[in-house]
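Engineer: Have a look; sequence and predicted model below, questions after that.
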Amino acid sequence: MDNIETELSYRYLIKNKANKDIIVSEITQPIINILCYHVTDKFIEYPFIQVMVELDGFSFINLASGRFVLPFIHMTNVNTNLSTYVLNKIKRNIEELGCDTSSLNEDAFLGLINVNNTNMLLVDISSVDIFRISNSKMNSTWFALPTEIMNMGSICNIPIDKKLMNLFQNSPELGVLHKPIKEQTYIFEDGYPLPDAVYTGSHLKQVEFNSVFGVPRKQVYRSCGEYFYFYRLFEDAVMEGGWLKDINDTNRYLIDNEYGRYNKGGINRYALYLKDYAIHNEMTKQCTLTDDVINGVLGRKDLIAINYVNEDLDTILPDLLVKKYEQFIPISYHILDKTTLGEKYEVDNQDKFLVL
């Protein structure tokens, strides 16, 4: 493992705190959390972490129930070697998503860590391919970006437990990767930027395509050419993932009512770097940015955040314009629950939109 470690393009400093020489009898807490993480370091500008979370408290009687927590084990149930017991649980979680766990071995279990007086078991599953995951409320296992845990407090309108949020807010180094240098004097020196979760929506076949190849360039506004467009909020992307905008005879088979609601619509979720962006305040009902402005005055910026100032805006429009394909990567996709959508898109129903 030492030879592999030297070739990595990042360092995760939390690993330095891990103690693998654990005496199970010395763990006094009856329940202990597992910090299981995955690092993506290919096909995107910088490496980043995703953290395994579990959907706790979900009920089919109340589809809006449930919250994301860290995986955990009851110590009284540990009837074998601790690392074997933990890895078996993690493997079951990953296999639930249809992922191959054959690459996982005992080296994935890194040991016990203590962060802000909280004991956790640290597991690295970066060797597992978690690309193109389809998540639903039928799955208890999801993956969260650190920025979703610290800042957004939710994934696809499903809340993240306050204790988990507090843990990462008080110890942000849990979500930070560092460049592979030998010395540093400050915890965030030479840290890689953290990506944010952003969304797009469409009918299911397009969503499945986007989950592999990413969102394609397209012309959304007449004033400018083709770029990559995203929504910052899940609920805003639902309009695009729930309803067809321009209905004609060739695409009518995709919808089930006069308002253009898809027979089966969905959402793509991406990790996107927002580190270098410009803000464009749009005063009209349509984006007025031109290619000359985007590539001229704003030419040094890889991303433009569009802020729609007009309060009379009668539709939801993409609010992120991205120039470079390397700035984002798809991390999951989700089928929308039609029972929460209604017949037509209503802004007042945004807090009710859910995935299946």
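Structural biologist: It's in. What you are looking at is a predicted structure, and each value in this text was computed from that prediction instead of being measured.

Engineer: and residue 83, what is it in contact with?
Structural biologist: 20, 106, 109 (CB atoms under 8 Å, 6 or more residues apart in numbering). From N, CA and C alone the C-beta is placed, and that goes for glycine too.

Engineer: what do you get if the cut-off is 10 Å, keeping everything else the same?
Structural biologist: 20, 22, 106, 107, 108, 109, 110, 111, 121, 123 (CB atoms under 10 Å, 6 or more residues apart in numbering).

Engineer: Tell me the buried residues in the helix or strand containing it?
Structural biologist: Per DSSP states H and E, residue 83 falls inside helix 82-96. Counting neighbours by 16 or more other CB atoms under 10 Å, one finds that the buried residues in helix 82-96 are 82, 83, 85, 86, 87, 89, 90, 91, 93, 94.

Engineer: All the strands of the stretch 201-350 of the chain, in order from the start?
Structural biologist: 228-230, 265-272, 277-282, 303-308, 320-322, 328-335 (DSSP state E, counting those that start in this stretch).

Engineer: right, so the ones you listed: which one is the most enclosed?
Structural biologist: Most buried of these by mean neighbour count (mean count of other CB atoms under 10 Å) is strand 265-272; its value is a mean of 26.

Engineer: just checking, what packs against it?
Structural biologist: strand 48-56, strand 196-203, helix 204-213, strand 228-230, helix 234-242, strand 320-322, strand 328-335 (3 or more CB pairs under 10 Å, 6 or more residues apart in numbering; DSSP states H and E).

Engineer: Redo the ones you listed as TSV? Include mean pLDDT.
Structural biologist: Output for these, formatted as TSV (pLDDT from 0 to 100):
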stretch	mean pLDDT
strand 48-56	97
strand 196-203	98
helix 204-213	97
strand 228-230	97
helix 234-242	95
strand 320-322	96
strand 328-335	97
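
Engineer: Can you say which of those is nearest to residue 149?
Structural biologist: strand 48-56 (6.8 Å; CB to CB).

Engineer: so can I have TSV of the helices and strands packed on strand 265-272 showing distance to residue 267?
Structural biologist: Shown next, in TSV, are the helices and strands packed on strand 265-272 (distance: least, CB to CB, whole Å):
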stretch	distance to residue 267
strand 48-56	16
strand 196-203	5
helix 204-213	7
strand 228-230	11
helix 234-242	5
strand 320-322	15
strand 328-335	5
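
Engineer: can you count the residues close to residue 73?
Structural biologist: 17 (other CB atoms under 10 Å).

Engineer: With residue 206 instead?
Structural biologist: Residue 206, neighbours per other CB under 10 Å, totals 19.

Engineer: hang on, the earlier thing: quick one, which of the strands of the stretch 201-350 of the chain is nearest to residue 345?
Structural biologist: strand 265-272 (11.1 Å).

Engineer: Give the pairing partners of the closest one; include direction for each.
Structural biologist: strand 196-203 (antiparallel), strand 328-335 (antiparallel) (DSSP bridges).

Engineer: hey, what's the nearest residue to residue 215 once chain neighbours are set aside bridged with?
Structural biologist: The shortest distance from residue 215 to any non-neighbouring residue, by CB to CB, 6 or more residues apart in numbering, is to residue 200 (4.9 Å). Per DSSP bridges, the residues bridged to residue 200 are residue 268.

Engineer: Now do residue 200 against residue 210, distance only.
Structural biologist: Residue 200 is 7 Å from residue 210, where distance means CB to CB, to the nearest Å.

Engineer: where do the strands sit along the stretch 1-150 of the chain?
Structural biologist: 31-40, 48-56, 67-69, 72-74, 109-115, 118-124, 133-134, 141-144.
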